[in-house]
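**Q** would you be able to build a 3D model of this:
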Amino acid sequence: MIDYYISSNTRYTSEDGKFFKNGIELTNENGDSLEEVMFKAFIKKETATFIHRAFSNIIVLIGAGASVLSTSGGIDNRFGKTVFMLADLINNTLKQDFNLFTLQELAELCKYQIPVECVGEDGVSSLNSAFNLEDFLSDMISYEKYVSADIADKYNQTETKIFGLIVENTSYEYDKGCLKHATFINTVAHLVKSPSKLTIVTTNYDTLIEDAADSIGYTVMDGFTFSHRPYFDSDMFEWNLVKDIENIKTNELEYKKNIINLLKLHGSLTWERDDKGIRRKEKSKVSKPIMIFPSSNKYMQSYQEPYFELFTKFQELLKRPNTLLITTGFSFADNHISQMINQAILHNRSLSTLISDYNIAQDNPNWKKIEDLMEHNYQVAFLKSTMNFDLSDYLGEYYDD
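**A** Below you'll find the model as predicted:
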């Protein structure tokens, strides 16, 4: 049985071509099995009931899955890669260069235990969910201070290669013919009433959100100034663009439409640090981007500038009354962010949370905690949907015929 929509009192599922609501089969007016298009219409109505309210504050959290494009032939390699795909790429690349340590050799040096099922006769073969890339990178970084002088160059070259692969494989161009980021931004932004702004929070390094927003004429407030050489200033999130109405008898202001806030929690391919602070530049002009790489010690890094300001802003937004949080492509594997959301749901009773993903029956502890809150009647719902497939359809206006 596949779950499509789950809330505290409603569950839409399918099995063997039949569709169910709370375990009861849905049928048409003739008593025949419901068609899929009608089943999705039921889910859209349910979703509309959940999100189409007068929220004062709307936040969207976008994870790595939102940059992944699935096709009938698998995942399109031109765009986002899963953590497992990155791990496989790193493993295979290191094997091909004798000037670098292999993944297995690095693991032996830093005492990281690679799962037995991932090791073959010629070393690390096929990586699976038992291999944790974040834990491995954390151990590798921690071991740096103990590397002996005779292997230091090789170790550093290998580490540089790994991080270079991560940068290279999270840098892709926005393609409006394949990706639906622009449609999604426009759909959700229309739920927001001025002077409030839609806030998009992402863990991704790529510039897909910025590029998509630019393609439809949106202005992005990303915490950087509007100067010729933009520098980071977290106060920018609090500003809006307004103009005076030409009437001397009123002080009324008109707010510029199509503006969004963008918080990139783990950094960006377009950010670089110089002697005057943090600058935003064109990707092609950045040699050392400011990024929290996937590793367990990223939680320590999140207390450094600019991450501290961005996490603090996200936490403050989650505490605001009458807030809607929508997540897409975020698996809740990130303990730091997951804990923030869990606590916000627990303590902000006016927070409504819609979690969307290609699979809403996930088996990780953080996901289970959110499910538990839903079962205790907190305002939480789960929707089987992805940004690059049908999420915008579900979030759009609903008209009851």
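
**Q** any stretches of the stretch 251-400 of the chain with poor pLDDT?
**A** Where the stretch 251-400 of the chain drops to pLDDT under 70, the residues are 251, 294-303, 398-400.

**Q** residue boundaries of the helices in it?
**A** For the stretch 251-400 of the chain, the helices defined by DSSP state H, counting those that start in this stretch cover 298-301, 307-319, 335-347, 365-375, 391-395.

**Q** return the most buried member of these.
**A** Counting by mean count of other Cβ atoms under 10 Å, helix 391-395 has the highest mean neighbour count of these, with a mean of 22. No exception for glycine: its C-beta is placed from N, CA and C like everyone else's.

**Q** just how off-centre is that one within its chain?
**A** Put simply, helix 391-395 sits 17 Å off its chain's centre (Cα atoms, centre = their mean, to the nearest Å).

**Q** can you list contacts of that helix?
**A** Outside of helix 391-395, the residues within contact range by Cβ atoms under 8 Å, 6 or more residues apart in numbering are 40, 43-44, 47, 51, 180, 183-184, 187-188, 191, 326, 328, 356, 383, 385.

**Q** just give me the closest of these to residue 146.
**A** Nearest to residue 146 among the contacts of helix 391-395 is residue 328, at 40.7 Å by Cβ to Cβ.

**Q** neighbours of that closest one, just the number please.
**A** 25 (other Cβ atoms under 10 Å).

**Q** what's near enough to touch residue 178?
**A** Contacts of residue 178 by Cβ under 8 Å, 6+ apart are 69, 76, 78, 79, 388.

**Q** swap in 7 Å and give it another go.
**A** Shown in contact with residue 178 (Cβ atoms under 7 Å, 6 or more residues apart in numbering): residue 69.

**Q** just residue 263 next, same as before
**A** Contacts of residue 263 (Cβ under 7 Å, 6+ apart): 199, 201, 310, 313, 314.

**Q** in strands, which of the contacts of helix 391-395 fall?
**A** 326, 328, 356, 383 (DSSP state E).

**Q** so what's the nearest residue to residue 195 once chain neighbours are set aside up against?
**A** The shortest distance from residue 195 to any residue other than its chain neighbours is 4.9 Å, reached at residue 255 (Cβ to Cβ, 6 or more residues apart in numbering). Contacts were defined as Cβ under 7 Å, 6+ apart; by that measure residue 255 touches 194, 195, 240, 242.

**Q** hmm, 10 Å instead?
**A** 194, 195, 196, 197, 240, 241, 242, 243 (Cβ atoms under 10 Å, 6 or more residues apart in numbering).

**Q** could you export the contacts of residue 263 as TSV, including distance to residue 214?
**A** Listed next are these as TSV, based on distance: Cβ to Cβ, whole Å:
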residue	distance to residue 214
199	18
201	19
310	21
313	22
314	23
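
**Q** quick check: the farthest pair among these?
**A** Taking Cβ to Cβ as the measure, the contacts of residue 263 reach their widest spread between 199 and 310, a distance of 11.2 Å.

**Q** show me whatever sits in contact with both of those two.
**A** Residues touching both residue 199 and residue 310 by Cβ under 10 Å, 6+ apart: 237, 262, 263.

**Q** quick check: closest non-adjacent residue to the first one.
**A** Same thing as residue 237. Here the residue nearest residue 237, using Cβ to Cβ, 6+ apart, is residue 261, at 5.3 Å.

**Q** quick one: which of the contacts of residue 255 has the most company?
**A** residue 197 (22 neighbours).

**Q** out of the contacts of residue 263, which is nearest to residue 11?
**A** residue 201 (28.1 Å).

**Q** hmm, residue 58 and the closest one touching each other?
**A** No - Residue 201 is beyond contact range of residue 58, at 11.2 Å (criterion: Cβ atoms under 10 Å).

**Q** show me whatever sits in contact with both of these two.
**A** Common contacts of residue 201 and residue 58 (Cβ under 10 Å, 6+ apart): 317, 325.

**Q** related to what we said a few turns ago, ok, the residue nearest to residue 237 - contacts?
**A** Counting by Cβ under 10 Å, 6+ apart, residue 261 touches 59, 196-201, 220-223, 236-240, 313, 317.

**Q** can you say which of the residues you listed are buried?
**A** By neighbour count, with 16 or more other Cβ atoms under 10 Å, the contacts of residue 261 hold 59, 196-201, 220-223, 236-237, 313, 317 as buried.

**Q** among the residues you listed, which lie within strands?
**A** 59, 198, 199, 200, 201, 220, 221.

**Q** which of the residues you listed sit farthest apart?
**A** Using Cβ to Cβ, the two most remote members of these are 59 and 220, lying 15.2 Å apart.
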